[in-house]
Each structure stands twice: as C-alpha cells, then as structure tokens.
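A.B. asks: Whatever this is, show me its structure:
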Amino acid sequence: MNELFELLRHDIFTDAQEYRDRVRRVKDLVAELALKDSTQKDTLHTRYREAAKSLHEVEGEVEIDSDAIVSISDDPGAYVQAWVWVSDEEAGISRKDASLD
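C.D. replies: Numbers count the residues shown, from 1 in each chain. Purely as a prediction, here's the structure:
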C-alpha cells in the first residue's frame, strides 16, 4: 500500500516512459489489492457459512448451501442465506385446489 501512495505522490515525471511505467505499476498494485480484498471476503464468508451450518442447519428443515449469500452487518455478525422448508399444510395450500406452476 505504501508503494501505491509513493507512486501516486509524484505528479511530475521526467519522461513519457516513466509515466507509463508508473501507471502500469499503479494498475498492478490496485489489482493486487482487489484480489487480496476478495480473498479475505471469501474466507470471512466461508467462516460465517460454516458457523450458520453448525448452529442452525437441520436436514430437511433449514439448509445452507456452500455458496450461500453472506451479508456482513455493521453490527458484529452477518446474515447467511438459508433454505427453510414449509409444507403445503403449513402454508394453507391444497394442491388439488391450486395450480402450482
């Protein structure tokens, strides 16, 4: 990160080649930072999914996919997408009375 700030701090370049080199390096550093951020998010999301599975998953009632959406909250925690089973009876639905397309 310090290298990125140093590259951006200089606004006078001695020649066009130096300018191109600095722009190329800035692009590379930004890409590296984006990858690092993405990797950290993937790790956090995986940990939240695993915690949700161990705490809340009940086969056939509450299920959490390995790629479930994770929404990290401003409060200390996250929402993890889950599948919740609801029977026709619980929903007050009769299959012979309703068209289920």
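A.B. asks: all contacts plus neighbour counts: C-alpha atoms, from now on.
C.D. replies: Will do.
A.B. asks: tell me the helices in this structure, going along the chain?
C.D. replies: Under the criterion DSSP state H, the chain contains helices at 2-9, 16-56, 88-91.
A.B. asks: Mean neighbour count, those: which tops it?
C.D. replies: Highest mean neighbour count among the helices of the chain (mean count of other Cα atoms under 10 Å): helix 16-56, with a mean of 14.
A.B. asks: before we move on, the earlier item: is it possible to export the helices of the chain to CSV including distance to residue 70 and mean pLDDT?
C.D. replies: Formatted as CSV, the entries for the helices of the chain read as follows, by distance: least, Cα to Cα, whole Å; pLDDT from 0 to 100:
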stretch, distance to residue 70, mean pLDDT
helix 2-9, 30, 64
helix 16-56, 6, 84
helix 88-91, 27, 92
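A.B. asks: Now these in JSON lines, please, with extra columns for distance to residue 64.
C.D. replies: Formatted as JSON lines, the helices of the chain follow (distance: least, Cα to Cα, whole Å):
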{"stretch": "helix 2-9", "distance to residue 64": "40"}
{"stretch": "helix 16-56", "distance to residue 64": "6"}
{"stretch": "helix 88-91", "distance to residue 64": "21"}
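A.B. asks: Minimum distance to residue 79: which of those has it?
C.D. replies: Of all the helices of the chain, helix 16-56 sits nearest to residue 79, with 8.4 Å by Cα to Cα.
A.B. asks: Packing partners of that closest one?
C.D. replies: helix 2-9, strand 70-72, strand 78-80 (3 or more Cα pairs under 8 Å, 6 or more residues apart in numbering; DSSP states H and E).
A.B. asks: let's go with 10 Å and repeat that
C.D. replies: helix 2-9, strand 62-63, strand 70-72, strand 78-80 (3 or more Cα pairs under 10 Å, 6 or more residues apart in numbering; DSSP states H and E).
A.B. asks: just to revisit the earlier point, which one of the helices of the chain lies nearest to residue 71?
C.D. replies: Per Cα to Cα, nearest to residue 71 of the helices of the chain: helix 16-56, 8.4 Å.
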